[in-house]
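Visitor: Quick one, what's the 3D model for this:
(one chain, ligands or ions: 3)
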Amino acid sequence: MVGNDGRPVGVALLGCGVVGSQVVRLLTEQADELAARVGAPLRLVGVAVRRPQRHPDVPADLITTDAAGLVAREDVDVVVELVGGIEPVRGLLLTALKNGRSVVSANKALLAEDGAALAAAAAESGADLYYEASVAGAIPLLRPIQQSLAGDRIVRVAGIVNGTTNFILSAMASTGANYAEALEEAGRLGYAEADPTADVDGYDAASKAAILASLAFHTRVTADDVHREGIRDVTAADIAAARALGCTVKLLAICEQVEGPAGPSVSARVHPAMIPRSHPLASVSGAYNAVFIEAAAAGQLMFYGQGAGGPQTASAVLGDLVAAARNRVIGGRGPRDSAHADLPIVAMGDTRTRYHVSLDVSDRAGVLAQVAGVFAEHGVSIATVRQEGRNGTGLEDGVARDEGDGARDARDATLVIVTHSAPDAALAATVDALTGLDAVQGVAGVLRVEGLGRPVTELGGVS
Ligand SMILES: NC(=O)C1=CN([C@@H]2O[C@H](COP(=O)(O)OP(=O)(O)OC[C@H]3O[C@@H](n4cnc5c(N)ncnc54)[C@H](O)[C@@H]3O)[C@@H](O)[C@H]2O)C=CC1
Ligand SMILES: N[C@@H](CC=O)C(=O)O
Ligand code: NA
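Guide: Ligands and ions are numbered 1, 2, ... in the order given. Okay, the predicted model is just below:
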């Protein structure tokens with residue numbers, strides 16, 4: 001690819017909402033500095049929007065509703081996509097890349113669904129494809145994985161990559177609010193959208209996990225490959241149970257290289273989990289994001305900051321834009337996405353996790369043995385068991401009080417069991433089988449427990 005012959009680098013912006021409008025502002029306010037860093041001025045040649053009348057701050061001669069026409073213009077070098085969603089964006093970006101235009105995007109949904117096609121189009125034409133803003137907003141994360149750690153071997157990337165759900169879980173933990181109350185507060189403060197499905201059901205985090213796993217393990221991972229559970233079912237009782245164990249509950253994205261049934265494999269999952277309060281991720285609260293990377297030589301690294309917001313996300317977009325524009329000016333291109341390892345994806349059932357299980361049981365002779373037997377039958381080793389009295393039966397002090405209700409057992413108790421690590425399928429089957437026991441009145445709560453590379457000392461030395 002040849003350089004830009006000293007002419008300005010033409011930038012087409014698709015979408016001018018929360019993030020796009022901030023990109024326009026920063027491009028204007030920082031024009032001279034950006035030109036110095038790029039080696040040529042950045043010239044915004046057009047802004048494609050859906051409703052032109054809604055953008056009084058953008059010069060009218062730049063506004064267009066014809067995104068396809070804008071992308072095809074000869075004076076466009078870099079297309080910055082801040083629309084979101086799959087179509088019509090996929091078609092527009094594939095056309096741009098095939099025509100040799102570099103692309104900067106914050107669109108995690110598209111990259112997690114069809115990143116391979118975009119990367120192939122970029123490789124074919126020699127254009128750049130950058131998407132730092134798509135994962136954890138402002139936090140520099142993808143470039144460190146792709147470039148700074150290129151000489152190392154990453155074994156795990158785990159973290160909090162969704163601000164909305166982290167705000168909700170933090171509010172539940174700090175105020176005792178239930179899920180519905182915390183969600184309402186998140187909406188009031190502008191964190192949760194009118195339809196919060198993508199956030200609370202884990203779709204947003206799963207897309208980000210797919211992108212992280214792809215880059216960390218040099219393997220194409222799509223959102224469909226990521227096991228996904230959201231936070232709708234997390235209860236105030238789960239939060240209290242976590243606290244009792246010295247833990248807190250977070251929605252985690254966990255991407256690991258593991259030894260699967262077919263050899264080295266990638267495991268990618270998003271689910272709520274208890275983590276020890278001593279873990280650095282436990283203190284990440286509110287709408288913040290943090291990602292913990294473990295690499296063979298570098299050891300443990302943590303990246304922390306704001307994962308959303310207009311100016312914050314625009315910062316990451318502009319970082320990518322400067323890199324893509326500089327490559328135009330000097331006539332090269334940045335490092336390509338690499339999928340050379342092409343590892344298989346391990347099924348969630350084969351992924352090893354630990355569980356915290358709260359069972360409401362009748363407290364009579366032999367019940368603990370029956371429950372332990374079900375764990376043993378499924379090959380799941382128990383790490384700790386704690387019994388608590390329930391409904392005022394006074395078991396805490398070992399004294400049972402029969403309140404005279406002849407229709408039910410004289411004594412009720414809750415068994416709190418934490419397992420050692422076992423295949424997730426074995427743990428799920430164990431919980432299923434427990435519900436069939438006569439002595440088990442109900443499963444009060446089931447949550448995975450993650451040490452994330454650290455011994456869970458609070459749980460009695462389980463690691
Ligand atoms: N808002 C945030 O904090 C973050 C957003 N992102 C990503 O950045 C992208 C943009 O997000 P926001 O700015 O928040 O969204 P937004 O909804 O505020 O802005 C999107 C804009 O695109 C416009 N649009 C829709 N279809 C269009 C079309 N066919 N042609 C031209 N314009 C069209 C909409 O009218 C809207 O103004 C999304 O991919 C999002 O996932 C990533 C990280 C954080
Ligand atoms: N909805 C996301 C924001 C952007 O990625 C979140 O809540 O983190
Ligand atoms: Na980022």
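
Visitor: okay, CA-based contacts and neighbour counts for the rest of this
Guide: OK.

Visitor: Would you mind writing the CA trace of the helix or strand where F292 lies as PDB?
Guide: When secondary structure is defined by DSSP states H and E, F292 falls within strand 288-295. What follows is strand 288-295, C-alpha atoms only, in PDB (Å, rounded to 0.1, in the frame of the first residue of the first chain):
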ATOM      1  CA  TYR A 288     -16.800   0.300  36.100                       C
ATOM      2  CA  ASN A 289     -15.200  -2.500  34.100                       C
ATOM      3  CA  ALA A 290     -12.100  -4.400  34.900                       C
ATOM      4  CA  VAL A 291     -10.300  -7.300  33.200                       C
ATOM      5  CA  PHE A 292      -7.700  -9.600  34.700                       C
ATOM      6  CA  ILE A 293      -5.300 -11.200  32.300                       C
ATOM      7  CA  GLU A 294      -3.000 -14.100  33.200                       C
ATOM      8  CA  ALA A 295      -0.100 -14.800  30.900                       C
END
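
Visitor: Give the other helices and strands that it contacts.
Guide: When contacts are defined as 3 or more Cα pairs under 8 Å, 6 or more residues apart in numbering; DSSP states H and E, strand 288-295 sits against strand 154-160, helix 163-175, strand 299-306.

Visitor: Identify all contacting residues around the second one.
Guide: Okay, so that is helix 163-175. For helix 163-175, contacts defined as Cα atoms under 8 Å, 6 or more residues apart in numbering pick out 160, 177-179, 182-183, 186, 191-192, 199-200, 231, 236, 239-240, 248-251, 285-289, 307-308.

Visitor: Could you list the buried residues of the helix or strand just after that helix?
Guide: Per DSSP H and E, the first helix or strand lying C-terminal to helix 163-175 is helix 179-188. Judged by neighbour count using 16 or more other Cα atoms under 10 Å, the buried positions of helix 179-188 are 179, 182-183, 185-187.

Visitor: Show the average pLDDT along the longest helix along the chain.
Guide: Taking DSSP state H as the criterion, the chain has its longest helix at helix 310-330. With pLDDT averaged residue by residue, helix 310-330 scores 97.

Visitor: does ligand 3 sit close to that helix?
Guide: No - judged by Cα under 5 Å from the ion, helix 310-330 and ligand 3 are separated, with a smallest distance of 6.1 Å.

Visitor: sorry, back to before: what's the closest of the helices and strands packed on strand 288-295 to I382?
Guide: Judged by Cα to Cα, the one of the helices and strands packed on strand 288-295 that comes nearest to I382 is strand 154-160, at 25.1 Å.

Visitor: Return the distance of the closest one from the chain's centre.
Guide: Between the centre of strand 154-160 and the centre of its host chain there is 10 Å, according to Cα atoms, centre = their mean, to the nearest Å.

Visitor: who's the nearest residue to D238 once chain neighbours are set aside bridged to?
Guide: Leaving aside its chain neighbours, D238 sits nearest to G445 (6.4 Å; criterion: Cα to Cα, 6 or more residues apart in numbering). Under DSSP bridges, the beta-bridge partners of G445 are S358.

Visitor: Is it correct that G445 is in contact with S358?
Guide: Yes - contact criterion Cα atoms under 8 Å: G445 and S358 qualify, at 5.0 Å.

Visitor: Dump the helices and strands packed on strand 288-295 into a markdown table; add mean pLDDT, mean neighbour count and distance to ligand 3 as well.
Guide: As requested, the helices and strands packed on strand 288-295 are exported to a markdown table (pLDDT from 0 to 100; neighbours: other Cα atoms under 10 Å; distance: least, Cα to the ion, whole Å):
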| stretch | mean pLDDT | mean neighbour count | distance to ligand 3 |
| --- | --- | --- | --- |
| strand 154-160 | 97 | 25 | 12 |
| helix 163-175 | 95 | 23 | 13 |
| strand 299-306 | 96 | 15 | 9 |
